[in-house]
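S.K.: coords please:
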Amino acid sequence: MKLDNNVTDSVVNDVVEKTSLFSQYWYSIDWNTVISNVLTTSIQIIFFLILFYVVKRIGDFLISQAFTRYRKKESISVNRLNTLNSLSKNLFHALLGFLVAYSVLTVLGVPVGSLLAGAGVIGLALSLGAQGFVSDIVNGFFLLLEKQLDVGDVVDLDTVSGTVVDVNLKTTQVKSFDGTLNYVPNRYITIVSNKSREDMQALINIRLFPDADIQKVSDIIQEVNERMVPQYPEITEKPSYTGLIDIGDGQTGIRVTMYTLNGQQYSVQHSFFQEYVTRLTEAGIKIPLTTYNIV
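M.R.: As a prediction, this is how the structure comes out:
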């Protein structure tokens, strides 16, 4: 029993001693200085964040205003301006982000200079793993330098097709016609098929039965063309009509080819195709299942 009392006294004394040491440490802290430093640091960080937010808004406004003035010049491509506008803002935001991080770390007392020096060594060690990133940057630079694509262009990038919504040094964003947003690393862009730089061909194939009255069909096609072409100033080359031909897969039909301004081929083609089929049907010309293509 006496042994148990000794153990209990030892534990109590140990707890009291540790509590005393903690109390001494607690009361030795200059809380006024700590609170003052925390408030000062917090105010400095808030100040930098507000400052950079204001600078960001002003910078975005100035960039937008500069490109708005250039858009008034007809000799400059709107898509090209949108691309440069997006790239300028991305670079501006990246620079501001670096300055914000540098300022906050400096206020917190982090040796940023030493970190940057260490980052150089780490970057050298990771250089092999960063080859893909470097390839993205280099390829993105040449994509922009050679003006291969711009925001708003309709393009084919290997297996991805759609409208370019953003171009930067690392990735290109393409929105497919079904609404899918594709992020394509620039290093994978080897062939760019840009459908928005030259006049586009609208190729309309209308299937016909072999016994169709070709002369009657020709007259109807000619009548539709004469009536509708003046309504579409975006047509750059008048429709070219081909008589009865083999349109593939053992099918016969007629082919109408026309050229339009880029981006306008879809609406023009749909309107003419619908009018051709309507007028031929009204004239008693039987039409099998018909398709049309855009080249």
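
S.K.: Strands along the stretch 151-295 of the chain, start to end?
M.R.: Using DSSP state E, counting those that start in this stretch, the strands found in the stretch 151-295 of the chain span residues 154-157, 160-167, 171-175, 181-185, 193-194, 200-207, 235-248, 251-260, 292-294.

S.K.: want to throw those strands into CSV with distance to residue 91, mean pLDDT and mean neighbour count?
M.R.: From N, CA and C alone the C-beta is placed, and that goes for glycine too. Listed next are these as CSV, based on distance: least, CB to CB, whole Å; pLDDT from 0 to 100; neighbours: other CB atoms under 10 Å:
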stretch, distance to residue 91, mean pLDDT, mean neighbour count
strand 154-157, 23, 87, 19
strand 160-167, 12, 87, 19
strand 171-175, 14, 90, 21
strand 181-185, 18, 91, 14
strand 193-194, 24, 84, 14
strand 200-207, 33, 82, 20
strand 235-248, 37, 79, 14
strand 251-260, 36, 83, 19
strand 292-294, 36, 49, 14
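
S.K.: Give me the distance between stretch 96-106 and the centre of its chain.
M.R.: For stretch 96-106, the separation from the chain centroid amounts to 26 Å (computed by CA atoms, centre = their mean, to the nearest Å).

S.K.: In it, which residues are buried?
M.R.: Residues 100, 103, 104 are the ones in stretch 96-106 that count as buried (16 or more other CB atoms under 10 Å).

S.K.: ok, the last one - contacts?
M.R.: Contacts were defined as CB atoms under 8 Å, 6 or more residues apart in numbering; by that measure residue 104 touches 45, 48.

S.K.: per-residue pLDDT, it?
M.R.: As predicted, residue 104 sits at a pLDDT of 78.

S.K.: Residue 264 now?
M.R.: At residue 264, the model reports a pLDDT of 78.

S.K.: re the thing from before, ok, of the buried residues of stretch 96-106, which one's closest to residue 164?
M.R.: Closest approach between these and residue 164, by CB to CB: residue 100, at 29.6 Å.

S.K.: Report the secondary structure element holding the closest one.
M.R.: Using DSSP states H and E, residue 100 falls within helix 78-107.

S.K.: Now tabulate the strands of the stretch 151-295 of the chain in JSON lines and tack on distance to residue 140.
M.R.: Below are those laid out as JSON lines (distance: least, CB to CB, whole Å):
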{"stretch": "strand 154-157", "distance to residue 140": "13"}
{"stretch": "strand 160-167", "distance to residue 140": "8"}
{"stretch": "strand 171-175", "distance to residue 140": "8"}
{"stretch": "strand 181-185", "distance to residue 140": "9"}
{"stretch": "strand 193-194", "distance to residue 140": "16"}
{"stretch": "strand 200-207", "distance to residue 140": "26"}
{"stretch": "strand 235-248", "distance to residue 140": "32"}
{"stretch": "strand 251-260", "distance to residue 140": "31"}
{"stretch": "strand 292-294", "distance to residue 140": "29"}
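
S.K.: Tell me which of those strands sits nearest to residue 213.
M.R.: So among these, strand 235-248 is nearest, using CB to CB, at 10.6 Å.

S.K.: Give me the helices and strands touching the closest one, please.
M.R.: helix 214-228, strand 251-260 (3 or more CB pairs under 8 Å, 6 or more residues apart in numbering; DSSP states H and E).

S.K.: For residue 161, find the nearest of the ones you listed.
M.R.: strand 251-260 (18.7 Å).

S.K.: So, low pLDDT: which residues of this structure?
M.R.: 1-31, 70-81, 83, 111-131, 133-134, 247-250, 289-295 (pLDDT under 70).

S.K.: what's the burial count for residue 65?
M.R.: Using other CB atoms under 10 Å, residue 65 has 9 neighbouring residues.

S.K.: Could you export the helices and strands packed on strand 235-248 as a markdown table, including distance to residue 279?
M.R.: Listed next are the helices and strands packed on strand 235-248 as a markdown table, based on distance: least, CB to CB, whole Å:
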| stretch | distance to residue 279 |
| --- | --- |
| helix 214-228 | 5 |
| strand 251-260 | 13 |
